[in-house]
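>>> here is my input, please return the structure:
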Amino acid sequence: MSLLVNKAKVQILLSTYNGAKWLDELLASLLKQSYQHWQLIIRDDGSRDSTYAILKRWKQCHPEKIILMRDRDHLGSKMSFSRLVKCSNAPYLMFCDQDDVWQLEKISIQMQMMLEQENKYQKHTPILIHSDLEIVDKSLKTKHSSFWRLRGFKLQQSKKKYLVQNVVTGNTCLFNRSAARLAFPLNHKAMEHDRWLALSTAWFGHIKEIDLPLVKYRQHNNNQIGAFVNYFSIRKSAKSWSLQAEYFLDCYKHRLTQQERENITALAKLYKKTNWLQRRIILIKEKIRKDGVIPNLALLLWA
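Residues are numbered from 1 along each chain as shown. Predicted coordinates:
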């Protein structure tokens, strides 16, 4: 896709799918941002409701701000965001979900932190900035003031921990072009677009958190990935970690030390010709852990 010449410093990437109920509130919150050097690129993933008509209306009202892609194949969220990254050309990118509302200072606060981090580590270093979220119901009524505290996240985790535990939520991300080049495009082995971005940047760049809830994170029946955890799905998650570890090796093997390759290979082989006992041995030997007693107990029992 050929984009218009981009003068915006930030491009916001929005993938939509049957989001007609929420889009007006989201898009209004973007237009009200205190930082205005941005452009919105939208890719609809084959919606069957009035989503596309709503997007066209907003595009007609704000042609200088909104680019609406014509490609409407149904790819799923992960690959749809990957295609959006491919079509972007700004030095800084943000992911956006269709059912959220942004705080008015979101871009401004995150861009200030990004520039501080680039000054510290240089622009060629992959950098990811992310923030906390406020959990709200479908009517935007607050259910919990902090997603991080609700989930008990330990944000200063090791890069190895990102193989099995993600603390970065996609709709809070701001990342530079170096991080985009590092992590994208994706293939199907990556778990989610935001999780893969965080994993790659944690290993080969820098992640910086902002302890402010800059997004109203709406919870409703159609959330793809919500705020609350189901530990009984741990086996499915562990299989996904294993597949993603294999993909991580494929992408970055030449950049890893011998010890790192061995550690990640053990996770990649977790479900290849192993029985229940052998998986326990791998988990314990390689110190594959999550935060908290209950998550680790679930991991040891059910993975």
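>>> would you list every one of the helices in the stretch 1-150 of the chain?
Secondary structure of the stretch 1-150 of the chain, counting by DSSP state H, counting those that start in this stretch: helices at 23-31, 51-61, 77-87, 106-121, 147-151.
>>> so what secondary structure elements neighbour the first one?
Read it as helix 23-31. strand 10-16, strand 38-44, helix 51-61, strand 101-102 (3 or more C-beta pairs under 8 Å, 6 or more residues apart in numbering; DSSP states H and E). To be clear about C-beta, it is placed using only N, CA and C from the backbone, and glycine gets the same treatment.
>>> can you put the ones you listed in CSV and add distance to Pro126 and mean pLDDT?
Below are these laid out as CSV (distance: least, C-beta to C-beta, whole Å; pLDDT from 0 to 100):
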stretch, distance to Pro126, mean pLDDT
strand 10-16, 17, 98
strand 38-44, 21, 98
helix 51-61, 31, 98
strand 101-102, 24, 98
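>>> between these, which one is nearest to Arg72?
strand 38-44 (5.3 Å; C-beta to C-beta).
>>> angle of the closest one against helix 51-61?
Counting by axes from the mean of the first three to the mean of the last three C-alpha atoms, to 10 degrees, strand 38-44 lies at 150 degrees to helix 51-61.
>>> work out the sheet partners of strand 38-44 and label each with its direction, please.
Within its sheet, strand 38-44 is paired with strand 10-16 (parallel), strand 66-68 (parallel), according to DSSP bridges.
>>> ok, the closest residue to Trp38 other than its chain neighbours - contacts?
Take Trp38 and drop its neighbours on the chain: the residue closest to it by C-beta to C-beta, 6 or more residues apart in numbering is Val10, 4.3 Å away. Applying C-beta atoms under 8 Å, 6 or more residues apart in numbering, we find Val10 in contact with Tyr35, His37, Trp38, Gln39, Ala90, Tyr92, Leu93, Met94, Ile107, Met111, Leu174.
>>> Val10 and Cys251, how far apart?
Relative to Cys251, Val10 is positioned 26 Å away (C-beta to C-beta, to the nearest Å).
>>> Gln33 now?
Computed as C-beta to C-beta, the Gln33 to Cys251 distance reads 34 Å.
>>> do Ala183 as well
Taken as C-beta to C-beta, the span from Ala183 to Cys251 is 9 Å.
>>> may I ask you to name the longest strand in the chain?
strand 206-218 (DSSP state E).
>>> parallel or antiparallel, list what pairs with that one.
Looking at strand 206-218 with DSSP bridges, its partner strands are strand 101-102 (antiparallel), strand 127-136 (parallel).
>>> same list (those) but as CSV, adding distance to Ser158.
Listed next are these as CSV, based on distance: least, C-beta to C-beta, whole Å:
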stretch, distance to Ser158
strand 101-102, 30
strand 127-136, 16
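>>> highest mean neighbour count out of these?
Among the strands paired with strand 206-218, the stretch with the highest mean neighbour count (mean count of other C-beta atoms under 10 Å) is strand 127-136, at a mean of 24.
>>> orientation of that strand relative to helix 106-121 in degrees?
Using the same axes, to 10 degrees: strand 127-136 against helix 106-121 is 150 degrees.
>>> now strand 127-136, how far from the chain's geometric center?
Put simply, strand 127-136 sits 10 Å off its chain's centre (C-alpha atoms, centre = their mean, to the nearest Å).
>>> cool, and stretch 9-20?
Centre-to-centre, stretch 9-20 and its host chain are 13 Å apart (C-alpha atoms, centre = their mean).
>>> quick one: buried residues of that stretch?
Val10, Gln11, Ile12, Leu13, Leu14, Ser15, Thr16, Tyr17, Asn18, Gly19, Ala20 (16 or more other C-beta atoms under 10 Å).
>>> which residues pair with the fourth one across the strands?
Looking back up the chat, that one is Leu13. Ile41, Phe95.
>>> so it sits right up against Ile41, yeah?
Yes. Leu13 is within contact range of Ile41, at 5.6 Å (criterion: C-beta atoms under 8 Å).
>>> what's the overlap in contacts for those two?
Both Leu13 and Ile41 are in contact with Leu84, Ser88, where contact means C-beta under 8 Å, 6+ apart.
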